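>>> Sequence below, structure please.
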Amino acid sequence: MSNIQINIPRLTVVGAGIGDPELITLKGVKALRSAEVVLYDALVSEELLDHAPPSAVRVYVGKRRGAKACTQDEINERIVVYAHCYGHVVRLKGGDPFVFGRGMEEMQFAQRQGLSVEYVPGVSSAIAAAGAVGIAVTLRGASRGFWTLTATTDTGELNPEIFVAAQTNATVVILMGLAKLADIAAAFAAAGKSALPVAVIQNASLPQQHEVFGTVADIVAQVEQFGIGSPAVIVVGEVVQHRIPSAAHLAITELLSSETPVSEHTASETGVAQYHFKPA
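Numbering: from 1, shown residues only. Prediction:
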């Protein structure tokens, strides 16, 4: 009987979560442990690569604004080639691969080339970045739903759906939008929402997390003043003012503000603690 092991070419697209390596799912870890090749992105914690076998090939294929290790077409081709050469390819992508992550495109391409494909969800910054600073994207009495939007179209223009979202009372979460922050603020101001609270969170869930809070009218100045950079998530809506501040991770504006307290902690008639946000 032959002892030759036949590795069936297959692809598993795994969501790595929003940054903190502990936020990957158990199923994602299990996939990494069986990987022959790991193709990983820029926003993936390299600690996660330790879950793969020592013999596994590790290939960086990250794409960041203004710098790409590989084009999307090259990534697609590499998935197929590595799968045929080695067997199991794990495509490790930040956040959730199906939320502006092009995970579906990679799976469709691989499937057309004869690979078996599987998807493992990840913790998305569309929800978890807000949560990392104590904001719930939905909250009874403040928001009955939320929009998750990318800031730009394929041509680099401001996403026109932002103007539509600005007309609603829903929480609006905008990913990959820091470079368009002034345009985003202008869209909400045009909808009469200049006083609407806004949060901008950089490196959510990581030790180097930074965040600022303000309103549509002043958020651009806040971001510039405190040097917030990419990657960052923008959250616009009434839910921002109901956030629960964390003593373990205070916002920059809170640390530097000494005249006006950022929050007042009161008890409601039902005895439930309430936090009322006061923009700096």
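
>>> low pLDDT regions in the chain?
Low-confidence segments of the chain (pLDDT under 70): 1-6, 64-68, 247-280.

>>> let's see 50
1-2, 4, 258-280 (pLDDT under 50).

>>> Walk me through the domains of it.
Under the assignment automatic domain parsing, the domains of the chain span 10-123, 126-277.

>>> Serialize those to CSV and add fields for mean neighbour count.
C-beta here means a position set from N, CA and C on the backbone, and glycine is covered the same way. Shown next, in CSV, are those (neighbours: other Cβ atoms under 10 Å):
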stretch, mean neighbour count
domain 10-123, 18
domain 126-277, 17
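
>>> Would you mind measuring the gap between the ends of stretch 122-136?
End-to-end distance for stretch 122-136, by Cα to Cα, to the nearest Å: 18 Å.

>>> Run through who's touching that stretch.
The set of residues external to stretch 122-136 that reach it, using Cβ atoms under 8 Å, 6 or more residues apart in numbering, is 14-18, 23-25, 28, 93-97, 99, 137, 148, 171, 173, 175, 199, 201, 204-205, 209, 211, 233, 235, 239-240, 242-246, 249, 251.

>>> Keep only those of those that are in strands.
Secondary structure of the contacts of stretch 122-136 is defined by DSSP state E; positions in strands are 14-15, 93, 148, 171, 173, 175, 199, 201, 211, 233, 235.

>>> now, which of these sits nearest V57?
Closest approach between these and V57, by Cβ to Cβ: V14, at 15.7 Å.

>>> wait, that closest one sits on A31?
Yes. In terms of Cβ atoms under 8 Å, V14 counts as a neighbour of A31; the distance is 5.2 Å.

>>> between the two, what contacts are shared?
Residues touching both V14 and A31 (Cβ under 8 Å, 6+ apart) are 90, 120.

>>> my guess is A189 is in a strand, correct?
No. With DSSP: H, G, I helix; E, B strand; the rest coil as the criterion, A189 is assigned helix and is not in a strand.

>>> Can you check which helix is longest in the protein?
helix 72-86 (DSSP state H).

>>> what's the distance between stretch 202-209 and the middle of its chain?
Stretch 202-209 sits 11 Å away from the centroid of its parent chain (Cα atoms, centre = their mean, to the nearest Å).

>>> meant to ask about stretch 227-234
From the chain centre to the centre of stretch 227-234 is a distance of 11 Å (Cα atoms, centre = their mean).
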